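In: here are the coordinates; sequence isn't available:
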């Protein structure tokens, strides 16, 4: 049996006297799509940063592809991170670079200088996310919100990651564009088989995409399992989050 893609053991995160996470453990297997939800200030993005090794927890261990990040040497640590792709909140495209150069940036950053190969890979990823080759000539300021998300996704996928981190991937999109993005990601997931960790507030995205959901509340992971586990949780935050007016509308057909 293969190692989990991510394993977190008894994670505590503290900033001074402020405890953000208290004794959190979770395991994610290959191919899972994990949605992380919680209130503002619950530490969703912080927990995701700890998974990828961009931030170290105060206590506990994080294993990525079976290797402990805290114990890995710097070069090994970087190689593990190179197996991951990240779509930052808002897309985080470099405003001074064209779409083409934004997508090519990770390839050049990690030492690929064959411009013919770079061009082939960038054009392939543009096609993969539903954009034309001509889109590579545009600047970020010329892109719509939906195009920004697609370009950011192409950049996150250009290194062929096994693990994809998404921070609020549908924020700022209208319902139609949000649904299109979810359909795109779902299709790519079926085709490529990567594992996904996604911070989101979007209940439609959780319902349509996630195979597992984690609910952060009271400094802990009060739910970590299939969406149905969140729907049946008796924790007050989970009940309010999933059974409020919007939650009832989104999940009324489940059960």
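Out: On my side now, so go ahead. It should be emphasised that the depicted structure is a prediction, and the values quoted were computed from it without experimental measurement.
In: so who does residue 167 touch?
Out: Going by CB atoms under 8 Å, 6 or more residues apart in numbering, residue 167 touches 45, 48, 86, 87, 88, 89, 198, 199. Where C-beta positions appear, they are placed from N, C-alpha and C, glycine not excepted.
In: pLDDT score for the second one?
Out: For residue 48, the model assigns a pLDDT of 94.
In: looks like it contacts residue 165 (just checking).
Out: Yes - taking CB atoms under 8 Å as the definition, residue 48 is a contact partner of residue 165 at 5.8 Å.
In: which one's more surrounded, the two?
Out: residue 165 (23 against 20; other CB atoms under 10 Å).
In: not counting sequence-adjacent ones, nearest residue to that one?
Out: The shortest distance from residue 165 to any non-neighbouring residue, by CB to CB, 6 or more residues apart in numbering, is to residue 86 (4.7 Å).
In: so who does the one you found touch?
Out: Neighbours of residue 86 in contact, by CB under 8 Å, 6+ apart: 52, 156, 164, 165, 166, 167.
In: state the helix or strand in which the third one lies.
Out: When elements are assigned from DSSP states H and E, residue 164 belongs to strand 163-167.
In: for residue 189, give me phi and psi.
Out: Main-chain torsions, residue 189, degrees, to the nearest 10: phi -60, psi -40.
In: could you report the pLDDT at the residue located most distally from the centre of the chain?
Out: In the chain, counting by CA atoms, centre = their mean, residue 116 sits farthest out from the average C-alpha position, at 29.7 Å. On pLDDT, residue 116 comes in at 91.
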